[in-house]
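*Asks:* need coordinates for the below:
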Amino acid sequence: MRGLSYLVLMKALRDALAQHSVLILDGGVATELEYRGIALDDELWSAAVLSQLPEAIARVHYDYYWAGADIAISATYQATHQGFARKGIHPWAQDRLFHLAVRLAQDAARVCKRRLPKGHTRAWLVAASVGPYGAFLANGAEYRGNYGLSRQELVEFHAPRMAVLAQTQAHCWAFETIPDRVEVGALLELLARWPQRDAWMSFSCRDTAHLADGTPIEEVAALAAQHEQITALGVNCLSPQWVTPLLTRIRTVTHKPLVAYPNSGEQWDAMQRRWEQPTCAVDWYTYVAEWLGLGVRLIGGCCRTRPADIATMRRVCLQTMT
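*Replies:* Got it, this is the predicted structure:
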């Protein structure tokens with residue numbers, strides 16, 4: 001039975017994409033916690049809440065599933081062994097927190113599934129978030145890249161948590177907000193260590209044509225697309241208005257499913273550690289319909305998006321795909 005369960009997990013994302021025209025991702029978890037009054041002025045960001053208020057994370061996952069999400073992304077974006085160690089968390093407790101993060105999303109999916117009326121067709125997946133090295137630095141480097149580290153150094157940084165996340169019941173990995181070409185190569189190298197696992201990769205970009213470190217988006221997209229285990233690729237945590245031009249460029253180098261989950265249009269001020277308000281509200285109806293036309297198969301939100309935004313995205317997808 002254990003072997004069968006393992007095989008089911010390995011093919012879950014690909015099967016879900018084969019069965020559904022589009023999959024809805026969740027929205028911002030950390031910023032939703034902030035909306036609910038939980039202070040995240042910590043280098044670990046939402047990962048700090050794992051040990052302090054895990055039930056709050058579970059409730060956010062539940063609310064996103066209830067709003068219409070097919071996939072919840074675990075609260076491990078900023079969770080690393082190095083970051084936990086810096087906070088004095090014992091190694092055995094570090095591994096438990098990674099497992100807890102995935103389990104919280106799984107439990108939320110089970111509860112929500114039981115409470116929904118019959119006839120709601122969902123994928124009910126959990127993606128294990130693997131954030132960039134820049135997230136560990138907690139200084140906004142995920143929007144800049146150019147760390148000055150070698151590929152081997154980045155492999156050694158990411159390897160411990162990927163090894164632990166590979167032992168969880170997460171259905172896939174989410175390599176998200178990746179801003180650096182060298183880091184893209186490091187993550188792809190690591191992914192090959194678990195040949196039965198698949199992942200999506202989404203990039204952090206500086207404009208409508210380049211990765212945050214200045215690499216042309218087509219170059220890194222082509223690199224990622226060549227890897228058999230990368231099931232989908234795209235962009236996240238950037239202005240919604242940048243998504244279409246970036247995905248149009250990515251589409252020139254791959255026919256794989258595309259993924260898009262922008263933020264609310266606000267920009268992160270790393271010096272002031274706050275989000276700068278956008279000039280106007282986001283028209284999710286127009287954007288989502290546009291992205292579906294480009295071949296996006298995974299759509300959701302990142303920082304500062306909320307359950308109501310995910311509900312809107314699901315309505316647009318249902319209306320457009322019927």
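
*Asks:* helix, strand or coil for the nearest residue to Ser74 once chain neighbours are set aside?
*Replies:* Leaving out its chain neighbours, the residue that sits closest to Ser74 by Cβ to Cβ, 6 or more residues apart in numbering is Ala101, at 4.4 Å. Using the backbone N, CA and C atoms, a C-beta is placed for each residue, glycine as well. Per DSSP: H, G, I helix; E, B strand; the rest coil, the local secondary structure of Ala101 is helix.

*Asks:* I'd assumed Met313 was in contact with Ala289.
*Replies:* No: applying Cβ atoms under 8 Å, one finds Ala289 not in contact with Met313, separated by 10.3 Å.

*Asks:* next one: stretch 254-261 to chain centre, how far?
*Replies:* 13 Å (Cα atoms, centre = their mean, to the nearest Å).

*Asks:* distance between the ends of that stretch?
*Replies:* Chord length of stretch 254-261, first to last residue, is 19 Å (Cα to Cα, to the nearest Å).

*Asks:* in this structure, which spans are strands?
*Replies:* For the chain, strands defined by DSSP state E occupy the ranges 23-24, 71-73, 125-130, 172-178, 199-203, 230-236, 258-261, 267-269, 274-276, 296-299.

*Asks:* Trp291 contacts Ala260, correct?
*Replies:* Yes: in this structure Trp291 lies within contact range of Ala260 using Cβ under 8 Å: 5.2 Å.

*Asks:* any common contacting residues for the two?
*Replies:* Residues touching both Trp291 and Ala260 by Cβ atoms under 8 Å, 6 or more residues apart in numbering: Val243, Leu247, Ile299.

*Asks:* residues touching the second one, list them.
*Replies:* Shown in contact with Leu247 (Cβ under 8 Å, 6+ apart): Gly234, Val235, Leu258, Ala260, Trp291, Leu294, Val296.

*Asks:* again with the first one
*Replies:* Contacts for Val243 (Cβ under 8 Å, 6+ apart) come out as Val235, Ala260, Pro262, Tyr287, Trp291.

*Asks:* hang on, the fourth one packs against Tyr261?
*Replies:* When you say that, I think you mean Tyr287. No: judged on Cβ under 8 Å, Tyr287 makes no contact with Tyr261 at a distance of 11.4 Å.

*Asks:* so the two - more neighbours on which side?
*Replies:* More neighbours surround Tyr261 than the other of Tyr287 and Tyr261, with 31 against 19 (other Cβ atoms under 10 Å).

*Asks:* state the distance from the closest residue to Trp200 other than its chain neighbours to Gly27.
*Replies:* Excluding its sequence neighbours, the residue lying closest to Trp200 (Cβ to Cβ, 6+ apart) is Ala232, at 4.1 Å. Computed as Cβ to Cβ, to the nearest Å, the Ala232 to Gly27 distance reads 18 Å.
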